[in-house]
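structure, please.
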Amino acid sequence: SGGTSGALWGTGLAEAAAVVGDVDEPTTATVVAAAEAFARGIRERGGARPGEKTMLDAIVPFVDELRSAAVPGRSSLGAWRRAAETADRAAAATAGIVSSRGRSRIHGERSLGTPDAGATSFALVVSRIGNSDHLGEEGT
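Got it, this is the predicted structure:
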């Protein structure tokens, strides 16, 4: 991971894992709560806010879409895929933001036209998860 994203990913994944736990199969509500914990952990550790050209610019829209698309008692796969598409669009949109946070901030105006690497990486990861069979029917 470039920049500080390795430490941020570690924090986010640890927060999400604490929600999911080791015992029970995650429900749709658990998947949403884990995504929220992931985002909260990254926001608290890194101190960034959406709009500063960071991975949060893809994470926050992903979590918002996942929360709104998730239907308790049904598979979280469809909601995850919709949220991943949202994250992909949001990551691409970071090309229009001047870097003001993280290591890329040194590039300032020169960062225009290039999507944020952390936001792009996040979108790629959640898209890949959405294309796997790891988000099946609730209760199975």
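
from now on I want contacts and neighbour counts done on CA atoms only, so please keep to that.
Fine.

report the secondary structure element holding the closest residue to Gly130 other than its chain neighbours.
Excluding its sequence neighbours, the residue lying closest to Gly130 (C-alpha to C-alpha, 6 or more residues apart in numbering) is Arg81, at 5.2 Å. In this assignment (DSSP states H and E), Arg81 forms part of helix 77-93.

how about the nearest residue to His107, chain neighbours excluded?
Residue nearest to His107 in three dimensions, not counting chain neighbours: Ser99, with 6.9 Å by C-alpha to C-alpha, 6+ apart.

I should have written Pro72 there, sorry.
Thr28 (5.8 Å).

what lies in contact with stretch 44-63?
8, 11, 32, 35-36, 39, 42-43, 83-84, 86-88, 90-91, 94, 97-102, 116-123 (C-alpha atoms under 8 Å, 6 or more residues apart in numbering).

next step: the residues you listed restricted to helices.
When DSSP state H is applied, the contacts of stretch 44-63 are split such that 8, 11, 32, 35-36, 39, 42-43, 83-84, 86-88, 90-91, 117-123 fall in helices.

near Asp22, how many other residues are there?
If you count neighbours by other C-alpha atoms under 10 Å, Asp22 ends up with 9.

sorry, that was for Glu44
Around Glu44 there are 13 residues (other C-alpha under 10 Å).

next one: the one 5 residues further on
Arg49 is flanked by 16 other residues according to other C-alpha under 10 Å.

same question for His107.
When counting by other C-alpha under 10 Å, one arrives at 12 neighbours for His107.

which SS state does it fall under?
helix (DSSP: H, G, I helix; E, B strand; the rest coil).

one step back: any idea how far the residue nearest to His107 lies from Val60?
17 Å (C-alpha to C-alpha, to the nearest Å).

no further questions, thank you.
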